[in-house]
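>>> Sequence and predicted model, in that order:
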Amino acid sequence: MRKSWWKILGLLMIATAIIGGLLGPVPVLPILHETIRNVYFHVPMWFTMLTLYLISVIYSIKYLNSGKVEHDLMAVEAVNTGIVFCAMGLLTGMLWANITWGEPWPNDPKLNGSAIATLMYLAYLVLRNALEEEQKRAKISAIYNIFAFPVMVVLLYILPKLTDSLHPGSGGNGTFGDLDMNNNMRPVFYTAVIGWILVGTWICTLRYRVRLIENKRNQID
Amino acid sequence: MKNKLALFLMLLISASTYAQGEIDMATGLRSSGKIYVVVLVLLTIFAVLGIYLFTLDRRIKKLEK
């Protein structure tokens, strides 16, 4: 029997974040108005994506060490799930940007970085499908993944901070500093982030288990 | 005369605000802006998604055996 307390915890945390995020006190800011509440829903998508990609890299390294097929499958499914969260982050971000920045895709380093990072991970999935031989596919894509992860982190979290970006946390300001978040928001925000990470990981494990079953069937046939 | 008119106006204004207070009942789901309804809708959607995930989980568990 698998223990499922963390799945329930994740769901409860997101539910708490929905209630607290819509009803809790938020700072009154120009331009943003009530859309500041999007922080509770848009940002956790990216945190979940980052966690899933991190899981993927860890399993890619594990695969290169052990050569076990399961580790390779976990790496793929983590990226598959991460891309879904990335898409949700992009879509919610475009909706939010349209209202507050005037257009869905302003020329912002963080947005362009996220586009390149997304393409990089799509390329990972395409690369896998292009290779026929199983071991070769697993090995090459594991190495690609290990290179892609730090590039993604640089594109999304380091380069935008060095230049001027519309996103908070650029030009030497700390992200989630006092400028864009006050202490009323923090508990709700962190609850949302942890809740979404837990549920994202759960979905990833579901996909992995399905993949394992498929894999076993293919070998028997 | 002027005083009486002013008094009458004030009464009218206060009466109208009272009336508004009666219409806008600040109880439960009807309170200010009705945001609680949206919260409930979101929670319902989310709860159903959560239950759906659990049924998937159980189905996969069956397949694994």
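Yes, it's here.
>>> So residue A:146 versus residue A:58, what's the distance?
Taking CB to CB, to the nearest Å as the measure, residue A:146 and residue A:58 are separated by 10 Å. Bear in mind the C-beta positions are built from the backbone N, C-alpha and C, glycine included.
>>> what sits against the closest residue to chain A within chain B?
Of chain B, the residue with the smallest distance to chain A, taken as CB to the nearest CB, is residue B:50 at 4.3 Å. When the contact criterion is CB atoms under 8 Å, 6 or more residues apart in numbering or on different chains, the partners of residue B:50 are residue A:11.
>>> same thing but at 10 Å, please
Residues counted as contacts of residue B:50 (CB atoms under 10 Å, 6 or more residues apart in numbering or on different chains) are A:7, A:8, A:10, A:11, A:12, A:14, A:15, A:199, A:202.
>>> pretty sure the last one contacts residue A:14?
This means residue A:202. No: in this structure residue A:202 lies outside contact range of residue A:14 using CB atoms under 10 Å: 11.2 Å.
>>> Mind checking which of the two has more residues around it?
Set side by side, residue A:202 and residue A:14 show unequal neighbour counts under other CB atoms under 10 Å in any protein chain shown, the larger going to residue A:14 at 24 against 21.
>>> Spatially nearest residue to that one (excluding sequence neighbours)?
Of all residues not flanking residue A:14 in the chain, residue A:195 sits nearest, at 3.9 Å (CB to CB, 6 or more residues apart in numbering or on different chains).
>>> okay, which residue is most central for chain A?
The centre of chain A sits closest to residue A:49, judged by CA atoms, centre = their mean, with a distance of 1.0 Å.
>>> Which helix or strand contains that residue?
helix A:39-66 (DSSP states H and E).
>>> Which strands or helices does the next helix or strand after that helix pack on?
Later in the chain than helix A:39-66, the nearest helix or strand by DSSP H and E is helix A:69-100. The contact analysis (3 or more CB pairs under 10 Å, 6 or more residues apart in numbering or on different chains; DSSP states H and E) places helix A:69-100 against helix A:39-66, helix A:109-130, helix A:134-153, helix A:185-220.
>>> Let me know which of those helices is the nearest to residue A:86.
Between residue A:86 and the helices and strands packed on helix A:69-100, the shortest separation by CB to CB is 4.7 Å, and it involves helix A:39-66.
>>> From residue B:41, how far off is residue A:70?
According to CB to CB, residue A:70 stands 40 Å off from residue B:41.
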